[in-house]
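In: Generate a structure from the sequence data that follows.
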Amino acid sequence: MRHRERAFTLIELLVVIAVIAILMAILMPALNRAREQGKRISCLSNVKQLTMGWILYADDNDDRVVNAHPGHSTELPWVRFPGNNATEEEHREGIRTGGLFRYCPDEQLFKCPTGVRGELVTYAIPDSMNGYPGIPGTAELMVYRRAQIKRPSERIIFLDEGQLSSNSWTLHYQEERWWDQVTARHGDGTNFSFADGHSEYWKWKDPRTLEVAKMDIGVWQSSGRHSAESTQPGNEDLHRVQRGVWTRLGYEP
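Out: Now for the predicted structure:
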């Protein structure tokens with residue numbers, strides 16, 4: 001006599017679905033962390049390669065470092081800022097006609113993998129590296145030639161600003177205050193590269209840094225940077241970045 005195949009009962013089917021849901025709940029965070037880890041590594045590689053291009057540019061230009069100001073009209077900047085209302089092709093042209101594209105001829109290197117869709121350049125060079133020269137107290141700290149850099153493993157060249165602007169990345173020297181935003185990517189931190197060619201991931205430790213990093217960019221630009229929240233006494237994240245940009249703090253913390 002042939003036996004009939006026994007089908008799942010409704011209860012057994014629900015148990016199987018519940019087990020699968022539990023396994024997915026356990027595995028998904030691990031998969032997301034692994035995916036984000038991969039993006040962090042890719043971003044670290046990007047800023048490292050851009051910095052190698054920055055070094056090669058200086059080697060080919062009598063030790064002079066490339067201009068950090070994307071909107072500069074008289075000196076070749078590292079990338080060109082085509083304007084807020086520019087087309088995607090105009091932004092791509094801004095990358096291709098910048099000073100570093102000859103050394104880094106891959107448009108993907110100019111953007112963090114977790115950057116906002118539509119943004120083609122998310123990295124920036126701080127004012128201190130041949131950028132905006134008007135930050136109070138920094139005239140003697142500005143770098144125009146690589147030979148001026150005394151501790152290259154400590155001097156920031158690139159960071160992930162999040163969105164290209166017409167200016168180099170600004171951070172005050174004499175104030176305990178953020179001016180341009182930092183980002184919070186790859187697990188509430190961001191990536192930096194340094195004048196010796198290496199790159200590092202810094203995880204933010206002060207919750208006030210995250211408030212700045214996660215604020216809407218339009219709000220930050222219009223009012224956030226002028227608010228009391230931009231001044232953050234005792235913020236070690238801020239101190240660390242200021243030392244990386246300017247070599248030291250211009251105030252007693």
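In: how about the strands in the stretch 151-253 of the chain?
Out: For the stretch 151-253 of the chain, the strands defined by DSSP state E, counting those that start in this stretch occupy 156-160, 189-194, 199-203.
In: what does the second one rub up against?
Out: Contact with strand 189-194 is made by 40, 43-44, 47-48, 50-51, 112, 152-160, 182-185, 199-204, 213, 244, as judged by CB atoms under 8 Å, 6 or more residues apart in numbering. For the C-beta atoms, the positions are set from N, CA and C on the backbone; glycine is no exception.
In: So which of the strands of the stretch 151-253 of the chain is nearest residue 229?
Out: Evaluated with CB to CB, the strands of the stretch 151-253 of the chain place strand 189-194 nearest to residue 229, the distance being 18.8 Å.
In: And the closest one, how far out from the chain middle?
Out: How far strand 189-194 lies from its chain's middle: 6 Å, per CA atoms, centre = their mean, to the nearest Å.
In: Next, the angle strand 156-160 makes with it.
Out: Strand 189-194 and strand 156-160 are oriented at 150 degrees to each other (axes from the mean of the first three to the mean of the last three CA atoms, to 10 degrees).
In: Enumerate the positions of strand 189-194 that are buried.
Out: Using 16 or more other CB atoms under 10 Å as the test for burial, strand 189-194 gives 189, 190, 191, 192, 193, 194.
In: Next, count neighbours for the residue lying closest to residue 79 once chain neighbours are set aside.
Out: The shortest distance from residue 79 to any non-neighbouring residue, by CB to CB, 6 or more residues apart in numbering, is to residue 98 (3.7 Å). As a burial measure, residue 98 scores 22 neighbours (other CB atoms under 10 Å).
In: before we move on, the earlier item: would TSV of the strands of the stretch 151-253 of the chain with distance to residue 81 and mean pLDDT be doable?
Out: What follows is the strands of the stretch 151-253 of the chain, written out as TSV (distance: least, CB to CB, whole Å; pLDDT from 0 to 100):
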stretch	distance to residue 81	mean pLDDT
strand 156-160	16	96
strand 189-194	20	96
strand 199-203	24	96
